[in-house]
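Colleague: With the sequence up front, the predicted model follows.
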Amino acid sequence: MRASLLQIDVDLSETVADRRDRVAALVRAQAGTDLVVLPELWPVGAFASDTFAAEAEPLDGPTADAMSAAARDAGVWLHAGSIVERAAADSGSAAGDGPLYNTSLVFGPDGELRHTYRKIHRFGFDQGEAALMAPGEEIVTVALPDTVLGLATCYDLRFPEQFRLLIDAGAQMLVISAGWPAKRLEHWRLLARARAVESQTYVLACGTAGTHAGVELAGHSLVIDPWGDIIAEAGPDAQTLTADLDPALVTKTRHDFPVLRDRRLG
């Protein structure tokens with residue numbers, strides 16, 4: 001299985017529409033890859049919270065349309081990172097008058113939107129995302145032909161209980177879309193490896209490059225194997241990180257070192 005992580009440089013001098021077109025072209029260039037992953041909130045910038053309300057869109061909005069077409073043209077599974085979702089106020093209302101969510105979109109190779117994940121843990125300590133967005137309530141897994149993905153977003157990485165639930169739900173590969181700040185780069189690397197070791201899974205952690213809203217982003221997207229070894233790592237700048245993965249290694253690791261069998265709590 002081949003996976004490509006597209007570490008996007010979010011330059012806020014570029015329009016959102018132009019960025020969509022640029023990212024769609026990058027996705028199309030991954031034809032022949034099985035899974036493509038984008039970072040968190042790349043259309044608007046993870047720390048540009050003053051634009052969240054203005055740039056919010058429904059699940060069938062322009063970003064979803066562009067990513068659906070790109071996934072279909074490339075014939076890939078696409079974790080399209082996350083958007084600022086404007087939800088409906090209730091089940092009988094149209095989108096556009098409800099709360100905001102940090103929502104990840106997963107498209108199949110046919111371009112169909114297969115799954116969404118609303119970020120559970122919001123960052124900001126009562127400011128920014130934490131003040132403006134509602135929390136998600138459900139963990140999400142995605143069944144691919146050869147593996148099962150467990151979805152998480154950025155700050156979720158600090159909460160291991162979420163990943164235990166994902167493993168219990170059958171996840172064999174953890175996909176983490178992020179806009180992680182450079183000043184906490186070592187936390188990013190440490191926590192991503194810890195999630196791989198404790199869960200005995202691959203971790204695909206896709207970050208953002210560049211500086212926006214005054215925050216320098218870490219980049220350093222990672223592909224980590226079920227033993228916690230980093231098998232591919234990007235630098236701080238925009239980059240496409242590609243790695244070949246063996247889903248059978250997850251089963252073998254759990255068989256050869258059956259630590260998950262000895263869990264007593266939770």
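Modeller: Structure's in. What do you need? Numbering: from 1, shown residues only.
Colleague: My guess is Pro226 contacts Thr253. True?
Modeller: Yes. Between Pro226 and Thr253 there is a contact under C-beta atoms under 8 Å: 4.1 Å. Placement of C-beta: from N, CA and C, glycine included.
Colleague: what about those two, which has more around it?
Modeller: When neighbours are counted by other C-beta atoms under 10 Å, Pro226 and Thr253 differ, and Pro226 comes out ahead with 23 against 19.
Colleague: where does the more buried one land on pLDDT?
Modeller: Per-residue pLDDT puts Pro226 at 98.
Colleague: Now it: which helix or strand?
Modeller: Using DSSP states H and E, Pro226 sits within no helix or strand.
Colleague: isn't Thr242 right next to Leu35, touching?
Modeller: No. Using C-beta under 8 Å as the test, Thr242 is too far from Leu35 to be in contact (10.3 Å).
Colleague: that older thread, overlap in contacts, Pro226 and Thr253.
Modeller: Gln200 (C-beta atoms under 8 Å, 6 or more residues apart in numbering).
Colleague: tell me the helices in the stretch 151-266 of the chain, going along the chain?
Modeller: 160-168, 185-199, 248-256 (DSSP state H, counting those that start in this stretch).
Colleague: which ones are touching the most centrally placed residue in the chain?
Modeller: The chain has Ser177 as the residue nearest its centroid, 2.3 Å off, counting by C-alpha atoms, centre = their mean. Neighbouring residues of Ser177 by C-beta under 8 Å, 6+ apart: 37-40, 79, 81-82, 104, 151-154, 206.
Colleague: Rebuild the helices of the stretch 151-266 of the chain as TSV, extending it with mean pLDDT and distance to Met67.
Modeller: Formatted as TSV, the helices of the stretch 151-266 of the chain follow (pLDDT from 0 to 100; distance: least, C-beta to C-beta, whole Å):
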stretch	mean pLDDT	distance to Met67
helix 160-168	97	23
helix 185-199	98	24
helix 248-256	97	27
